[in-house]
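S.K.: whatever this is, show me its structure:
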Amino acid sequence: MHPWKPPLPGGELATVLDRLRDWTPFNGDALIGAVAASLDDVPLDEEDTEEIAERLPGHLMQLVTIAVATEAEQDTAAARLIEQARTLRTEDLPGDYRNAVGYLRWMGWAVNELHERLLAIHCLKETA
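M.R.: Take a look at the predicted model:
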């Protein structure tokens, strides 16, 4: 019998372990809640603006990661939304309240559109 050997060198195993520790499972309910809050007819108050500003970028990038992993870029509409998400994610939240709300609405729309497209092309299962 041969002694056990790890499937990857130590450094690569550490990288995999770090990624697993940082991994957050997809939560469709939380995503829908953040999108709904950002796109609601009633504007966010300043406290909620900060909370949504913390949540939406994570949802957006999680959807991009899912899209890449499921090769959704082969769909032209999904590819356009993925590129838009990446561009949007690089922008900073505006400092003044009114522009911040507008930015979060834009990001909420982008999250919603990418989520809907991934559902349509069967890269995600329907959420609640």
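S.K.: who's in contact with stretch 115-128?
M.R.: Residues from elsewhere that reach stretch 115-128, judged by Cβ atoms under 8 Å, 6 or more residues apart in numbering: 26, 28-29, 31-32, 35, 63, 66-67, 70, 72, 75, 77-78, 81. The way it works is simple: take the backbone N, C-alpha and C, and place the C-beta from them, glycine included.
S.K.: where does the chain have low pLDDT?
M.R.: Applying pLDDT under 70 to the predicted model, the residue ranges of the chain that meet it are 127-128.
S.K.: helices of that one, start to end?
M.R.: Listed from the start of the chain, the chain has helices (DSSP state H) covering 10-22, 28-39, 46-69, 76-89, 97-120.
S.K.: let's have those helices in CSV, adding distance to His2 and mean neighbour count.
M.R.: Conversion of the helices of the chain to CSV gives the following (distance: least, Cβ to Cβ, whole Å; neighbours: other Cβ atoms under 10 Å):
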stretch, distance to His2, mean neighbour count
helix 10-22, 19, 10
helix 28-39, 45, 17
helix 46-69, 33, 17
helix 76-89, 44, 16
helix 97-120, 43, 18
